[in-house]
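> got a predicted structure plus its sequence, pasted below:
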Amino acid sequence: MKNKHMKHFNKKLTFGLLSILLSLNAFAQTANNDEAFPDSWLGTYNGQMYMLKPGVGITDSVSVKLELLSTDMPKQWVYRMTYKGNKKYGKIIKDYLIVKPDSLAEGTYLLDEKDGIIIEQTLIGNTFYSNFSVGNSYLNSIMRKTGDIIHFEIFQSNVKESLITKNRANEGQIVFEVKSYPIFTTQKAKLLKEK
C-alpha cells in the first residue's frame, strides 16, 4: 500500500516540477527582448523609496538614485544606489558591482558589495531575484524592469518567529514540516530612467 501511495506522490511531484519548468521556459522565451540585461538596463534611474510595516503602512521615505553603468572589465557592471534622506539618515551610497562569472549557470549573477560580501542573484525574464540571511533575518529582493521603470522591493522576516506546521497525512503518506516567516518590514521604490 505504501508503494502505491509513493508512486502516486512521485508522479504528482514530477508533474508539478515539470509544469513549473515548462512555465519558466515559456516565460523566458516570451519575455521582451528589449528588457535584456545589461543593454536595456544601463542608465540612471530616480525615484522615491518607501519603508512600510504591517498594520502601519508607510513609516518613512527617501529619494533614491540607481546607477547601472558599464565598466572597463568584461561582465562587470556598476550598481550604485544613492539614498538621500532626512537629517536622521543623511546621504548613503551603496557602490557595488554586478558580476557574471563564466563558472556560474546561465541567469546567475553576483552582487559584489566590494567588502567581502557577495550575494547571488538570479535573472529570470526581466527580473532579478535574490534571497539571503543576515543575523536572525531573512531578506528577499526583487528588481524588475518594465520599459523605462525599475521596480525595486526588498522585504524582511525574522527567522526566530517562524510558524511551524505539518500536513495531515494518511498512513503511508509523507508528512511535511513547513516553516513560514511573517514579513515585518518592506522597502519599495519605483525608479524612472533619466532621458
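Looks like it came in fine. All values derive from a computational prediction rather than experimental measurement.
> hey, let's count contacts and neighbours off CA atoms from now on
Noted.
> for burial, what's the neighbour tally of the nearest residue to residue 188 once chain neighbours are set aside?
The shortest distance from residue 188 to any non-neighbouring residue, by C-alpha to C-alpha, 6 or more residues apart in numbering, is to residue 153 (4.5 Å). If you count neighbours by other C-alpha atoms under 10 Å, residue 153 ends up with 19.
> same question for residue 55.
Neighbours around residue 55, by other C-alpha under 10 Å: 7.
> phi and psi next, for it.
When quoted as degrees, to the nearest 10, the phi and psi of residue 55 stand at phi 80, psi -10.
> which other helices and strands contact the strand or helix carrying residue 138?
According to DSSP states H and E, residue 138 maps onto strand 137-146. For strand 137-146, the elements it packs on are strand 127-134, strand 149-158, judged by 3 or more C-alpha pairs under 8 Å, 6 or more residues apart in numbering; DSSP states H and E.
> buried deepest among those, which one?
Of these, the one with the most neighbours on average (mean count of other C-alpha atoms under 10 Å) is strand 149-158, at a mean of 19.
> what packs against that one?
Using 3+ C-alpha pairs under 8 Å, 6+ apart, strand 149-158 is in contact with strand 137-146, strand 183-193.
> re the thing from before, the strand holding residue 138 pairs with which strands, and in what direction?
Paired neighbours of strand 137-146 in the sheet (DSSP bridges): strand 127-134 (antiparallel), strand 149-158 (antiparallel).
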